[in-house]
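Chemist: the following comprises the amino acid sequence and a computationally predicted model.
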Amino acid sequence: MLQNALTPRVFIAATRQNDGKTTTSLGLLAALQRRYGRVGYIKPVGQRFVEIDEQKIDEDAVIMDRVFRLNCPLVDMSPIAVDPDFTRKYLQSANLDVLVKRIHKAFDRVAWEKDFVLCEGSGHAGVGSVFDLSNAAVAKLLNAKVVIVTRGGIGQPIDETVLNHALFKQEGCKVIGVIINKVLPEKLDYITEFAQRGLKRKGLELLGVIPYQPILSRPTLGAIAEELRAEIITGKPPFTQTVSRVVVGAMGADRARDLLKPGVLLIVPADREEIIAAAGDWMKSSLEPIAGVVLSDAVKPSGVILKQLRRFPCPVLLASQDIYKAASEVHDLIIKTRPDDLQKISLIQEVIARHVNLDRILNSL
């Protein structure tokens with residue numbers, strides 16, 4: 001049973017994956033830390049994790065700990081990590097009581113001597129239902145009121161919010177209100193006015209409208225290197241360069257040179273020496289280099305090419321995937337803010353502080 005009933009808390013949910021839940025949590029944690037000082041964080045059920053000291057820890061818990069130095073064991077900030085076999089094992093032998101106790105104990109430790117706890121869900125209200133720990137059920141377990149994050153627009157976001165609201169309501173959870181994320185700046189006032197009207201008709205309050213920030217939707221070279229499991233040929237991590245466009249080196253050298261710009265990631269086999277040479281020539285005459293080069297097909301550069309690559313002012317990586325597979329994996333990459341993305345984190349904190357009404361959230365608790 002949950003022991004701590006006093007520490008204020010809020011549960012951040014979303015209408016679907018990649019709506020901006022972690023972005024919102026990052027910004028709110030910064031604002032809460034300024035307001036309260038001692039703030040805790042927990043992601044009770046996580047689906048994307050890394051292994052730290054032989055423990056599976058959700059990636060979001062890692063970034064919150066690194067950014068805010070929350071002085072709490074990571075294993076308590078991420079008590080349940082859903083690995084590929086988790087659901088199958090649960091359905092074979094349900095152990096809900098064990099999982100519930102783990103969440104309760106983790107929250108009590110996270111909340112110890114804290115003035116506020118931010119709880120982050122793992123998607124829409126129903127995620128986790130298959131093992132009886134939907135986001136709505138977890139919010140109820142933690143006795144937390146809920147903020148729903150959805151993406152820009154009016155009709156679809158409100159439709160999806162109402163659907164999620166119904167499940168939270170069924171579990172007996174109070175939804176404080178809604179934050180709309182990724183709104184085109186030129187539509188900010190329009191969306192604010194009509195979303196506010198639409199939500200009010202459903203008994204929900206609009207807590208903030210966050211303008212779309214292109215840089216937050218772009219991967220860093222470090223994230224790409226991790227996704228491709230690439231070997232470093234030149235350059236020193238962390239690779240925080242933002243990649244705005246991918247150029248696949250499957251054309252002539254002149255055409256490749258025309259496509260190169262700052263922020264471009266060039267994916268090219270090491271034996272396309274004319275394209276590599278063209279990239280080197282372009283960077284000699286440019287004030288800013290491209291974001292990086294990925295050599296595909298696990299083809300290591302020859303001595304002559306390697307010497308040339310080491311003069312590049314950008315990192316060079318080697319991937320085992322063929323050129324089109326590498327480009328496809330980069331294209332499909334889920335953009336997650338990483339602890340080293342200091343520029344992104346600073347922007348997130350600034351934007352959330354400016355566009356989300358923290359006082360309304362706190363007054364609702």
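Modeler: That came through fine.

Chemist: on the three-state scheme, Leu207 is what?
Modeler: Recorded secondary structure, Leu207: strand (DSSP: H, G, I helix; E, B strand; the rest coil).

Chemist: residues in contact with it?
Modeler: Val147, Ile176, Gly177, Val178, Ile179, Val356, Asn357, Arg360, Ile361 (C-beta atoms under 8 Å, 6 or more residues apart in numbering). Glycine gets a C-beta too; all of them are placed from N, C-alpha and C.

Chemist: apply 7 Å and report the result again.
Modeler: Going by C-beta atoms under 7 Å, 6 or more residues apart in numbering, Leu207 touches Val147, Gly177, Val178, Ile179, Val356, Asn357, Arg360, Ile361.

Chemist: among these, which are located in strands?
Modeler: Val147, Gly177, Val178, Ile179 (DSSP state E).

Chemist: list just the nearest of the residues you listed to Pro79.
Modeler: Checking the ones in strands among the contacts of Leu207 against Pro79 with C-beta to C-beta, the nearest one is Val147 at 21.1 Å.

Chemist: quick revisit: could you export the contacts of Leu207 as JSON lines, including distance to Gln17, neighbour count and pLDDT?
Modeler: What follows is the contacts of Leu207, written out as JSON lines (distance: C-beta to C-beta, whole Å; neighbours: other C-beta atoms under 10 Å; pLDDT from 0 to 100):
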{"residue": "Val147", "distance to Gln17": "17", "neighbour count": "28", "pLDDT": "98"}
{"residue": "Gly177", "distance to Gln17": "21", "neighbour count": "19", "pLDDT": "97"}
{"residue": "Val178", "distance to Gln17": "17", "neighbour count": "27", "pLDDT": "98"}
{"residue": "Ile179", "distance to Gln17": "16", "neighbour count": "28", "pLDDT": "97"}
{"residue": "Val356", "distance to Gln17": "21", "neighbour count": "22", "pLDDT": "96"}
{"residue": "Asn357", "distance to Gln17": "25", "neighbour count": "14", "pLDDT": "95"}
{"residue": "Arg360", "distance to Gln17": "26", "neighbour count": "15", "pLDDT": "94"}
{"residue": "Ile361", "distance to Gln17": "23", "neighbour count": "21", "pLDDT": "95"}
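
Chemist: give me the neighbour count for Pro8.
Modeler: Here the number of neighbours of Pro8 (other C-beta atoms under 10 Å) works out to 16.

Chemist: ugh, wrong one, Val127
Modeler: By other C-beta under 10 Å, the residues close to Val127 number 21.

Chemist: what pLDDT does it get?
Modeler: Note for Val127: predicted pLDDT of 94.

Chemist: for the nearest residue to Ser129 once chain neighbours are set aside, give its distance to Gly126.
Modeler: Spatial nearest neighbour of Ser129, chain neighbours left out: Ala137 (7.7 Å); criterion: C-beta to C-beta, 6 or more residues apart in numbering. Ala137 is 10 Å from Gly126, where distance means C-beta to C-beta, to the nearest Å.

Chemist: quick one: which of these two has more around it?
Modeler: Ala137 (22 against 14).

Chemist: for that one, what is the enclosing helix or strand?
Modeler: helix 135-141 (DSSP states H and E).

Chemist: just give the nearest non-adjacent residue to Cys298, would you?
Modeler: Quick fix: residue 298 is Ala, not Cys. Counting by C-beta to C-beta, 6+ apart, Ala298 lies nearest to Ser320, which is 4.4 Å off, once chain neighbours are set aside.

Chemist: gap between that neighbour and Pro269?
Modeler: From Ser320 across to Pro269, the span is 12 Å (C-beta to C-beta).

Chemist: out of those two, which sits in the more crowded spot?
Modeler: Pro269 (20 against 14).

Chemist: next up, the contacts around that one.
Modeler: Contacts of Pro269 (C-beta under 7 Å, 6+ apart): Leu295, Ser296, Asp297, Val299, Ile323.

Chemist: distance of it relative to Ala250?
Modeler: Taking C-beta to C-beta, one finds Pro269 at 9 Å from Ala250.

Chemist: picking that back up, the helix holding Ala137 packs against which elements?
Modeler: helix 96-110, helix 155-171 (3 or more C-beta pairs under 7 Å, 6 or more residues apart in numbering; DSSP states H and E).

Chemist: mind saving the C-alpha coords of that helix as CSV?
Modeler: C-alpha atoms of helix 135-141 as CSV (Å, rounded to 0.1, in the frame of the first residue of the first chain):
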residue,chain,number,x,y,z
ASN,A,135,-1.2,4.5,-17.3
ALA,A,136,-4.7,5.2,-15.9
ALA,A,137,-4.3,2.4,-13.4
VAL,A,138,-0.8,3.5,-12.4
ALA,A,139,-2.0,7.1,-11.9
LYS,A,140,-4.7,5.7,-9.6
LEU,A,141,-2.1,3.6,-7.7
